[in-house]
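Asker: Model the structure of this input:
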Amino acid sequence: MCGIAGFISHRFTREHLQQITTALQHRGPDAAGYFYDSNAGAALGHRRLSIIDLSEAANQPFYSHDGRYVMIYNGEVYNYKEVAAKYGIQQRTTSDSEVIIEAFALKGTQSFHDLNGMFAFAIWDKHLKKLTLARDHIGIKPLYISISEQELLFASEIKAITAIRKDLTINKKVVSAFLHLGYIPHPFSIYNEVIKLDSGSFIEISVSDAGTLSYHSQSFWQVSDKIAKTTLSDEQSAKNILDSLLTRSIAGQLVSDVPVGTFLSGGTDSSLVTALACKVSDKKVNSFSIAVTDGKINEAPYAAAVAKHLKTEHYELPITQKEILEMVPDFMSVYDEPFTDSSAFPTMLVSKLARQHVTVTLSGDGGDELFGGYGRYLWAEKLKSPLYKSISPIVYAATRLLGSRYKRAGNMFGKYPGGNFKSHLFSQTESFFSENELKNLLVEPRFNFSAINCSIKGRNLNVFEEAAFWDIENYLKDDLLVKVDRASMRYSLETRVPLLDYKVVEFALNLSPELKINKNGIPKYLLKQVLYDYVPRELLERPKWGFSIPLVKWLKTDLKWMIDKYCSKEMIEQAGIVRYDKVKQLIDLYLGNENDFLYNRIWSLIVLHWFFYDRR
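Answerer: Okay, here's the model as predicted:
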């Protein structure tokens, strides 16, 4: 795991290269490396977190055997030994970096099809003056790009780009999407001049003799291409295949030359990852959880029970709500652009704990999206049924007269543009602004939500499948994986996500919906059947709570100052994005009785204007 950054430009120098690389020091505290080609203006910077092959020979930039190619790389390719054998690569190191660049030297971008892991890398061809940037299948590792005919900048995090570019302008168009979803969807960023390279894709940038840039981008793996015409519905066969795929994935992701552990909340996903890690590891597995000692919800006893059964070396960090609150000021500096997922705070805390003992952790991210874990998937089928469609206006009107809980549920019955059901479903279950609300709130509502609501082609998908696939392409990629990457790398901790091995994803895409949510409405049914072979059912059967903080309460108490500061008339009118009169009306409703469901709308407005304030 590392941080990468670079540019093709004649207005930037070696000093600028050091500047953007240093901005990513937290991602790689073990070593720094640089490559600079003054003739082409090409520069590559790398910060290393040593995981596999701890020797200096594995430091980056990494050069191909023939000296033609030079690479910087963030991530891990778990099947690098298999790739080396397939390509006949004779390794001088035990590093996966060497295999990636030698495979590229032999087969070019075709080699990307053989890589299984999480990665973002840049390879410079010194002969052709061409840079290739690539990102892994699912989008686990980030890569931001700023490109024009004259100049390219790229980095693992936006802060590296802003370290030397002070002329970036705010993308006001995408603010609509942020307030609707709580994150900024790909390929956009908060800046007009910066985009996110899409998952499962690469871009080639060539430098002409005159110094101008031309580029070509292409996908090498996409979710929509992997949907088969039929699904696997035989439960026993599916269970055996899933167990085998996950065991193989976790065995591969335990490979490391430094200590490894797991995040363990005691829920289905983290318990299964931990159980299979214990199954395949020849060492005692470390597991980590946090205990909110003065909170309403504390999952630590459940995690401890699972850890005891699996006989892990379990570490539990007792924290208070006050300690979480003390992390709030650092939030914006970690995420670089407006981002609302408040579960980032406990994720940062457990990462901080884990880093005291290990350098690598395994996380259970992806289980909900792949195997039907969200309650909104059941709502999706109900809301699309003829009966619910016919009564939606009545239900919506009735809930306006009831308490906060009913108003929140009733929002799902509200109106939305015809084809935008999937983003509407997500937005309203997460309590963000609906499209209709945004029309009145925004000074200039301009975002086209149809672009992120396209139907996925393949077999005839039911409503639940479409909602889940939307989450894989959007919520997972642009929220959950961003949250985990930044939170863990804040403490120089590599976090791997074995449920998102692309072979597991392909299996889940073509699994019968009835094996995800069964006829009795049990979510993640097949995943749980695998888990129950390793952990007793009684240790796991309880309501799903999630990994969050009590923002509903804090925004009215300890964090009320943030409303007063970032939603003030002065701040909002200075930013010029939303109408102050509508914001004040919203705040008054929230601070009144029975309107707690508005908390995420308020939080998103705070985060948005906090970003504007911090970048001044």
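Asker: can you pull the buried residues of stretch 585-594?
Answerer: For stretch 585-594, a neighbour-count test (16 or more other Cβ atoms under 10 Å) marks Leu586, Ile587, Tyr590 as buried. For the C-beta atoms, the positions are set from N, CA and C on the backbone; glycine is no exception.
Asker: I meant stretch 509-517, not that one.
Answerer: Buried residues in stretch 509-517 (16+ other Cβ under 10 Å): Leu509, Asn510, Leu511, Ser512, Pro513, Leu515, Lys516, Ile517.
Asker: Dump those into a markdown table; add secondary structure, distance to Lys283 and pLDDT as well.
Answerer: Shown next, in a markdown table, are those (DSSP: H, G, I helix; E, B strand; the rest coil; distance: Cβ to Cβ, whole Å; pLDDT from 0 to 100):
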| residue | secondary structure | distance to Lys283 | pLDDT |
| --- | --- | --- | --- |
| Leu509 | helix | 33 | 96 |
| Asn510 | coil | 35 | 97 |
| Leu511 | strand | 32 | 97 |
| Ser512 | coil | 37 | 97 |
| Pro513 | helix | 38 | 96 |
| Leu515 | helix | 33 | 98 |
| Lys516 | coil | 33 | 97 |
| Ile517 | coil | 36 | 96 |
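Asker: can you put these in CSV and add distance to Ala23?
Answerer: Formatted as CSV, these follow (distance: Cβ to Cβ, whole Å):
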residue, distance to Ala23
Leu509, 37
Asn510, 41
Leu511, 42
Ser512, 47
Pro513, 44
Leu515, 45
Lys516, 41
Ile517, 44
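Asker: Among those residues, which one lies nearest to Gly367?
Answerer: Among the buried residues of stretch 509-517, Lys516 lies closest to Gly367 (Cβ to Cβ), at 10.5 Å.
Asker: so where do the strands sit in the stretch 201-350 of the chain?
Answerer: Under the criterion DSSP state E, counting those that start in this stretch, the stretch 201-350 of the chain carries strands at the ranges 201-207, 213-219, 260-263, 286-292, 313-319.
Asker: List of residues touching the longest helix belonging to the chain?
Answerer: If you go by DSSP state H, the chain has its longest helix at helix 235-253. With Cβ atoms under 8 Å, 6 or more residues apart in numbering as the test, helix 235-253 has contacts from 76, 78-79, 116, 232, 272-273, 276-277, 279-280, 362, 496, 498-499, 501, 503-504, 507, 511-512, 515, 526-527, 529-530, 533.
Asker: and the most centrally placed residue in the chain, what helix or strand is that in?
Answerer: Nearest residue to the geometric centre of the chain (Cα atoms, centre = their mean): Leu481, 1.5 Å. Using DSSP states H and E, Leu481 sits within helix 481-489.
Asker: And the next helix or strand after that helix, what does it pack against?
Answerer: Note on helix 481-489: by DSSP H and E, the next helix or strand toward the C-terminus is strand 494-496. If contacts are counted by 3 or more Cβ pairs under 8 Å, 6 or more residues apart in numbering; DSSP states H and E, strand 494-496 sits against strand 360-362, helix 481-489.
Asker: With distance to Ser287 as extra columns, can I get these in CSV?
Answerer: Listed next are the helices and strands packed on strand 494-496 as CSV, based on distance: least, Cβ to Cβ, whole Å:
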stretch, distance to Ser287
strand 360-362, 9
helix 481-489, 15
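Asker: can I get these in JSON lines with distance to Ala120 and mean pLDDT?
Answerer: Below are the helices and strands packed on strand 494-496 laid out as JSON lines (distance: least, Cβ to Cβ, whole Å; pLDDT from 0 to 100):
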{"stretch": "strand 360-362", "distance to Ala120": "17", "mean pLDDT": "96"}
{"stretch": "helix 481-489", "distance to Ala120": "10", "mean pLDDT": "97"}
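Asker: Show the low-confidence segments of this structure, by residue range.
Answerer: 1, 294-298, 385-393, 395-415, 417, 543-548, 616 (pLDDT under 70).
Asker: Show me the contacts of helix 235-253 that map onto helices.
Answerer: Among the contacts of helix 235-253, the members found in helices (DSSP H) are 272-273, 276-277, 279-280, 503-504, 507, 526-527, 529-530.
Asker: Which strand residues bridge Ile170?
Answerer: Beta-bridge partners recorded for Ile170 (DSSP bridges): Tyr191.
Asker: Distance-wise, check it relative to Asp614.
Answerer: According to Cβ to Cβ, to the nearest Å, Ile170 and Asp614 sit 13 Å apart.
Asker: What subset of the contacts of helix 235-253 is buried?
Answerer: Neighbour-count burial (16+ other Cβ under 10 Å) applied to those gives 76, 78-79, 116, 232, 272-273, 276-277, 279, 362, 496, 498-499, 501, 504, 507, 511-512, 515, 526-527, 529-530.
Asker: Quickly list the domain ranges of this protein.
Answerer: Per the record, the chain has its domains at 2-221, 225-372+461-539, 550-616, by automatic domain parsing.
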